[in-house]
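Q: Fold the following.
(one chain, ligands or ions: 2)
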Amino acid sequence: MKPILPGATLGVMGGGQLGRMFVHAAQRLGYFTAVLDPDPESPAGRVSHHHVQADYVDVDALAHFAGLADAITTEFENVPAASLEHLAVARPVSPAAAAVAIAQDRIREKAHFVGCGVDCAPYVAVESDDVLSVVPANLFPGLLKTARLGYDGKGQQRVGSRAELVAAWKAVGQQPCVLEKLMPIDYECSVVLARGRDGLLVHYPPQRNLHRGGILAVTEAHDQALPDDVAQRAAQAALSIAEGMEYVGVLCVEFFVLEGGALVVNEMAPRPHNSGHWTTDACDVSQFELQVRTLTGLPLNPPRQHSPAVMLNLLGDLWFLEADGVRPDKPLEPRWADVLKLPGTHLHLYGKVEPRAGRKMGHLTLTGDSVAAVRSTADFAAAMLGLPIPLTE
Ligand code: ADP
Ligand code: MG
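A: Ligands and ions are numbered 1, 2, ... in the order given. Just a heads-up that it's a prediction; the model follows:
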């Protein structure tokens, strides 16, 4: 296939912050953009040349969208795979519906990991009553996760016993789930990679991630973030997971590093990822530009990181910090001007109108000429913004 060159229009299914950053990267390269998202105020819709405000399964809207866009990608994994399939009849679509369908469903996702020879936490698929009584006892305590539509820790329940499992499965309406053993996690890491239509694979150095309350809080990307052997094993595992489904596009694979050093894969996202946001400010090519390149068939070069980086997620909670023990009743804008006085700060806000607790409003990347400098700036910035300190545990 010949590359789709700048001047063409690139479409993205979903109008969240990932779509917005895709749109920015595409426009910088001289593409026009189209976003499909029902929300008139969606972060990506507001900055795109075209915004189709319709449901993801609206057949007429999909046809209109395919008419606008020369190639189509997605920014969230819950886009109906059938809609991607539908679009793929008319236009190049990446990642493919088949890959998105695997990542959408924890049962299929784990089977794929196992098939690629990559270890995941011990688990069973819970799809009918029969399994409940034969679940191996060593899976307790465990986490019951809905197979579909979970994100940021939503759709997960801790279960300590078979009785709790039965109750938890009832509580989610007996929908398909996985029960996963609770693992002794030392820390977490992830790998962002891109694979072209020609099969060429490139990846960023793996990054270390700290979650709070099931939501990514801090990412560290520098040569002290992870032991070399962990980084190498994670990258190798991520590459085989992508190869194993002939993936085309940007993929993020998340891992647990267990006490003792063993690595187990957790989940994957068929798109750029929050833990790869640092690449925009600390690499010669961002994960969003790689998404553009894989979609259009432009060449891929191995990305080069030119600065150590720390990324802090900015959740809506920061707009409601208590002052003198009182929670403000209206959102208060955080101290951006003070934070931006610090050297090497890169502020990204997603243009969401309404800050809410737990809502991803933006992120702050810190770069500098040494790991120590970047970490210390990150600490200062966190203190100013009212983020929990220390940043890492
Ligand atoms: P989500 O799709 O919401 O990101 P994850 O499966 O990644 O769901 O879980 C969110 C977080 O919960 C993980 O990053 C990890 O910190 C914790 N977690 C998930 N599964 C396990 C497990 N089996 N053992 C221990 N902690 C877990
Ligand atoms: Mg996760």
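Q: where's the closest residue to Gln17 other than its chain neighbours relative to ligand 1, distance?
A: Excluding the flanking residues, the one nearest Gln17 by C-beta to C-beta, 6 or more residues apart in numbering is Tyr350, at 4.0 Å. Placement of C-beta: from N, CA and C, glycine included. Relative to ligand 1, Tyr350 is positioned 19 Å away (C-beta to the nearest ligand atom, to the nearest Å).
Q: Tyr350 and Leu315 touch, don't they?
A: No. Contact criterion C-beta atoms under 8 Å: Tyr350 and Leu315 do not qualify, at 11.4 Å.
Q: so what's in contact with the two at the same time?
A: Residues touching both Tyr350 and Leu315 by C-beta atoms under 8 Å, 6 or more residues apart in numbering: 360-361.
Q: more crowded one of the two?
A: Each of Tyr350 and Leu315 has its neighbours counted (other C-beta atoms under 10 Å); Leu315 has more, 23 against 20.
Q: For that one, list each beta-bridge partner.
A: For Leu315, the beta-bridge partners are Lys360 (DSSP bridges).
Q: now it: how far from ligand 1?
A: 14 Å.
Q: for Ser286, same thing?
A: In terms of C-beta to the nearest ligand atom, Ser286 sits 22 Å off from ligand 1.
Q: quick one, what contacts the closest residue to Phe76 other than its chain neighbours?
A: Leaving aside its sequence neighbours, Phe76 sits nearest to Gly14 (C-beta to C-beta, 6+ apart; 4.3 Å). Shown in contact with Gly14 (C-beta under 8 Å, 6+ apart): 35-37, 44, 74-76, 79.
Q: got it, and His24?
A: 47, 288.
Q: Just say helix, strand or coil for it.
A: Of the three states, His24 takes helix under DSSP: H, G, I helix; E, B strand; the rest coil.
Q: Can you give me the neighbour number for the closest residue to Gly115 other than its chain neighbours?
A: Among residues not flanking Gly115 along the chain, Gly244 sits closest, at 6.5 Å (C-beta to C-beta, 6+ apart). With neighbours defined by other C-beta under 10 Å, the count for Gly244 comes to 15.
Q: what's the answer for the one 3 residues further on, then?
A: Tyr247 has 26 neighbours, counted by other C-beta under 10 Å.
Q: can you list the residues of this protein near ligand 1?
A: With the criterion set to C-beta under 6 Å from any ligand atom, the chain comes near ligand 1 through 121, 143, 145, 150-153, 180, 182-183, 185, 188, 211, 214, 254, 266-267.
Q: filter those residues to the buried ones?
A: Applying 16 or more other C-beta atoms under 10 Å to the residues of the chain next to ligand 1, the neighbour count classes 121, 143, 145, 150, 152, 180, 183, 188, 211, 254, 266-267 as buried.
Q: any low-confidence regions in this structure?
A: Scanning the chain with the threshold set as pLDDT under 70 gives 390, 392-393.
Q: Once you drop chain neighbours, what's closest to the residue in it positioned nearest to ligand 1?
A: Here the chain gets closest to ligand 1 at one residue, Met183, 3.8 Å apart by C-beta to the nearest ligand atom. Sequence neighbours aside, Ala121 is the residue nearest to Met183 in space, at 5.0 Å (criterion: C-beta to C-beta, 6+ apart).
Q: give the contact list for the residue of the chain positioned farthest from its centre.
A: Residue farthest from the centre of the chain, counting by C-alpha atoms, centre = their mean, is Asp324 at 35.6 Å. Applying C-beta under 8 Å, 6+ apart to Asp324 gives no contacts.
Q: Can you pick out the ones from the buried ones among the residues of the chain next to ligand 1 that are in strands?
A: Of those, the ones assigned to strands by DSSP state E are 143, 145, 180, 188, 211, 254, 266-267.
Q: TSV please, covering the residues you listed and showing distance to Met311.
A: Below are these laid out as TSV (distance: C-beta to C-beta, whole Å):
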residue	distance to Met311
Leu143	26
Lys145	25
Glu180	27
Glu188	14
His211	13
Glu254	15
Asn266	19
Glu267	19
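Q: Chain neighbours aside, what residue packs nearest to the spatially most central residue of the chain?
A: Central residue of the chain (C-alpha atoms, centre = their mean): His273, 2.9 Å from the mean position. In this structure, His273 finds its nearest non-sequential neighbour in Cys252, 3.4 Å apart by C-beta to C-beta, 6+ apart.
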